[in-house]
Each structure stands twice: as structure tokens, then as C-alpha cells.
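>>> Show me the folded form of this:
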Amino acid sequence: MRQQVEHYRERFFVAEGEKVVRRLLSSDLTLVSALMPADHYEALRGLFEARREDLTVFLGEKRLLETLTGFSMYQGLLACARIPPPIELDVAFGLARRPRFLVAVDALSNAENLGGLIRNAAAFGADALIVGETCAHPFLRRSVRASMGTVFSMPIVEPVSLADALRELRRRGVRCVAAHPHTDERVLPMANLDGDCCVVLGSEGEGLSDEVRDVCDDRVVVPMQSGVDSLNVGAAAAVFFYEVWRQRRR
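Residues are numbered from 1 along each chain as shown. A predicted model of the protein is given here:
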């Protein structure tokens, strides 16, 4: 549980909690092992037996499991699985439904914020997530937990350069819209989001880097009452993604 760097290097991740593990068992990802009390295993036995892998399940009382993991386990379920390979931008573009809805993140460092953002993206129908080179990884344990397992079905692109990936999207006719709290150029309801678009969100503190912000077509702000200058990135993402959904439902 304390070896997240080693996990990432070897392309493993840990899923935590009953709902997340259940979604993992129902996914196409490759499982390696699981750890839980016997009563939870009995409830999930059918899903385990339907898996094709040579999968090891370790059983023990919750109190014992907490001494092994080193932290309190609310539901007492953990599973270890392989991180799926990222897909190429060209593949994500080709798989996306028209009008395409892509999401890109730049320098997002908090894994829980990233996981919540992924959950929001899935809820509002995003076709793929483009993770900038300075971001936390979406398969960190806290990100997986905060996503409630929606990360298992979200196509993920990991470009060498996020700015270059956005330039390529623009070349293909995708409108790149920067979520930027310090702009007077355009408020969100005025933005054109009903065609192919990519919503670009930045870090919790500094927002988007200059290079990423400058390559976007639009810099757009969520209108707010005076005295509040920004939202948590997960909340801002939900507002932007809802506006994409709203404009396409008109």
C-alpha cells in the first residue's frame, strides 16, 4: 500500500471498497489478487468465478487486514489489477462519438480531485481523458476510489506533450476550451460547446500553464458572485461538463 511508485512502474493499481471492486470484477481489466473478509467474498463469489485469470483471493477478518494494510479499511475490500495501456490520441479521436467530447487535464496533482473529475466526465458522457505529462496518474489508489471505478471504462491518452496534443486536436477541427477563472473574454454559457470540443482544466493552485492556455481556442470562466474567484477543480469540471451536455440537448 505504500509502494505506489513501484506499482506505477510495474503497471499495477489497487482498487478499494465494495462498489469499486465490484466494478473492477465486471470490467475487462486484468486482475491479479484480492483481499477481503470471507463474507464479502461470498457476496462476490459469482463475479470472481466468472473471471478467466488465475486469480488469488486472500481472506481474513477486517481487523487483521487493517494490520497488513496499515490503515483503517471502511469496507475491508482491496483488489490488485493491471493498469491498462494508454491509447493513442488518434485512436481516442476515432472512437469518439460525434459530436466529440474530450477532456484534458494539466498539472492536476491531487489524486482525489482527478478521480472526482473522471467520475464527472463519465457522468456527462466524455469520450476520453487526455492526461497531461505533469498530472497525477489516474490509476493511483485514491484516484481510482474517488472515480468510483468509472476510470475502468474511460479511454485515457497520456501524450508526451499536452500542448502538442491540443494542437493536433485543433488541426482536426476540435475546439479546445480552457477553463480559466481569471478571464473576462467569455463566460461559460456564451462558449460554443455543441460541436467537437475538448474542455481543458488546470491545477488546483496555478490553473493552466501558459503554454497550454495559449494553445486553446477559448478561455472561459464560470460566472460567480463577487468575492469568490474560483471553484474546486472537480466542481468547476462538473459545471463545464453539464454545460456541454445542456447545449447538446437543446
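>>> Give me the phi and psi angles of the closest residue to Phe93 other than its chain neighbours.
Nearest residue to Phe93 in three dimensions, chain neighbours excluded: Arg172, at 6.4 Å (CB to CB, 6 or more residues apart in numbering). To be clear about C-beta, it is placed using only N, CA and C from the backbone, and glycine gets the same treatment. When read as degrees, to the nearest 10, the backbone of Arg172 gives phi -90, psi 10.
>>> cool, and the one 5 residues further on?
Val177 has phi and psi values of phi -120, psi 120 when expressed as degrees, to the nearest 10.
>>> Please name the residues that touch the closest residue in space to it that isn't next to it in sequence.
Among residues not flanking Val177 along the chain, Asp218 sits closest, at 4.8 Å (CB to CB, 6+ apart). Residues in contact with Asp218 (CB atoms under 8 Å, 6 or more residues apart in numbering) are Arg175, Cys176, Val177, Ala178, Glu185, Arg186, Ala191, Asn192.
>>> what's the spacing between the fifth one and Val220?
What it means is Glu185. Distance of Glu185 to Val220, given as CB to CB, to the nearest Å: 7 Å.
>>> Tell me which of these two has more neighbours.
Neighbours per residue (other CB atoms under 10 Å) separate Glu185 from Val220, with Val220 holding more: 25 against 12.
>>> Surely Arg98 and Asp194 touch.
No. Between Arg98 and Asp194 there is no contact under CB atoms under 8 Å: 11.3 Å.
>>> Now stretch 22-32: average pLDDT?
Regarding stretch 22-32, the rounded mean pLDDT is 97.
>>> and the end-to-end length of that stretch?
Taking CA to CA, to the nearest Å, stretch 22-32 runs 14 Å from one end to the other.
>>> Need the three-state assignment for Ile130.
Reducing the assignment at Ile130 to three states with DSSP: H, G, I helix; E, B strand; the rest coil gives strand.
>>> I'd like the distance from the longest helix seen in the chain to the chain centre, please.
The single longest helix within the chain, with elements called by DSSP state H, is helix 233-249. Centre-to-centre, helix 233-249 and its host chain are 15 Å apart (CA atoms, centre = their mean, to the nearest Å).
>>> could you say what helices and strands the helix or strand hosting Lys19 packs with?
Secondary structure assignment for Lys19, by DSSP states H and E: helix 18-25. For helix 18-25, the elements it packs on are strand 31-36, helix 38-49, strand 78-82, judged by 3 or more CB pairs under 8 Å, 6 or more residues apart in numbering; DSSP states H and E.
>>> packing partners for the longest helix of the chain?
Packing partners of helix 233-249 (3+ CB pairs under 8 Å, 6+ apart): strand 101-105, helix 111-123, strand 175-179, strand 197-201.
>>> can you redo those as TSV with mean neighbour count, distance to Thr30 and mean pLDDT?
Below are the helices and strands packed on helix 233-249 laid out as TSV (neighbours: other CB atoms under 10 Å; distance: least, CB to CB, whole Å; pLDDT from 0 to 100):
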stretch	mean neighbour count	distance to Thr30	mean pLDDT
strand 101-105	26	25	98
helix 111-123	23	20	97
strand 175-179	24	34	96
strand 197-201	27	29	98
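>>> which element is Pro159 on?
When elements are assigned from DSSP H and E, Pro159 belongs to no helix and no strand.
>>> helix/strand/coil for the closest residue in space to it that isn't next to it in sequence?
For Pro159, ignoring the flanking residues on the chain, the nearest one in space by CB to CB, 6+ apart is Ala165 at 4.0 Å. Following three-state DSSP, Ala165 is assigned to helix.
>>> Tell me the confidence at Ala165?
Looking at Ala165, its pLDDT is 98.
>>> now do Gln225
On pLDDT, Gln225 comes in at 77.
>>> I'm done for today, thanks for sticking with me.
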